[in-house]
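Asks: build me a model from this:
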Amino acid sequence: MILQPNTRPNRQNCDTLRPLHYAPSDSAISERFVSDLRTAASAIRQPLELLHASNGRDIDAVFASLAQKPVDALVVSAGTLFYGRRVQLVTLAAFHRAPAIYPWREAVEIGGLMSYGTSLADAVWSFVRG
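Replies: So this is what the prediction gives:
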């Protein structure tokens with residue numbers, strides 16, 4: 001998801017929250033995430049525009065649109081597509097100079113700015129160890 005608060009005074013076209021979103025098979029989790037973002041956007045009186053991607057080309061197209069509509073920050077939602085494409089997401093965010101927050105620590109380990117989640121590998125090991 002791409003979260004775009006209008007925080008820089010000299011930026012144009014930065015008045016909408018623009019989440020990059022993928023609705024994977026676990027759509028209940030995805031719907032909850034979108035609902036929480038809508039609540040947060042409403043609380044700070046920011047419009048919310050969801051941007052969808054269902055494959056690598058869609059991700060490229062979304063980031064290409066940043067040339068016309070730059071963002072102040074990105075929030076990437078969880079899902080198997082985005083996890084599998086985390087290198088692409090981190091690379092494109094860096095190329096477009098868009099600060100990003102990811103749902104997995106692994107994105108930060110490959111150069112992403114920050115994470116709001118845990119390491120999936122650590123979570124699996126914790127589960128296995130009981």
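Asks: next, give phi and psi for residue 127.
Replies: The main-chain torsion angles of residue 127 are listed as degrees, to the nearest 10 and equal phi -70, psi -40.
Asks: same check on residue 51?
Replies: Residue 51 adopts backbone torsions of phi -110, psi 120, taken as degrees, to the nearest 10.
Asks: that one contacts residue 62, correct?
Replies: Yes. At 5.1 Å, residue 51 and residue 62 qualify as touching, with contact defined as CB atoms under 8 Å. For the C-beta atoms, the positions are set from N, CA and C on the backbone; glycine is no exception.
Asks: what about the helices in this structure?
Replies: Along the chain, the segments classed as helices by DSSP state H run 27-43, 56-64, 80-84, 86-95, 105-109, 120-129.
Asks: distance to residue 73 added to these, as TSV?
Replies: Conversion of those to TSV gives the following (distance: least, CB to CB, whole Å):
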stretch	distance to residue 73
helix 27-43	12
helix 56-64	14
helix 80-84	16
helix 86-95	10
helix 105-109	14
helix 120-129	23
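Asks: residue 113 reaches residue 89, doesn't it?
Replies: No. Counting by CB under 8 Å, residue 113 does not reach residue 89; the two are 11.3 Å apart.
Asks: which one of those two is surrounded by more residues?
Replies: residue 89 (26 against 16; other CB atoms under 10 Å).
Asks: for the helices of the chain, give me TSV that also has mean pLDDT.
Replies: Rendered in TSV, the data for the helices of the chain read as follows (pLDDT from 0 to 100):
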stretch	mean pLDDT
helix 27-43	80
helix 56-64	91
helix 80-84	87
helix 86-95	94
helix 105-109	92
helix 120-129	77
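Asks: closest to residue 72 out of those?
Replies: helix 86-95 (12.2 Å; CB to CB).
Asks: and the pLDDT for the spatially most central residue of the chain?
Replies: Centroid-nearest residue in the chain, with CA atoms, centre = their mean: residue 76, separated by 1.3 Å. According to the model's per-residue confidence, residue 76 sits at a pLDDT of 87.
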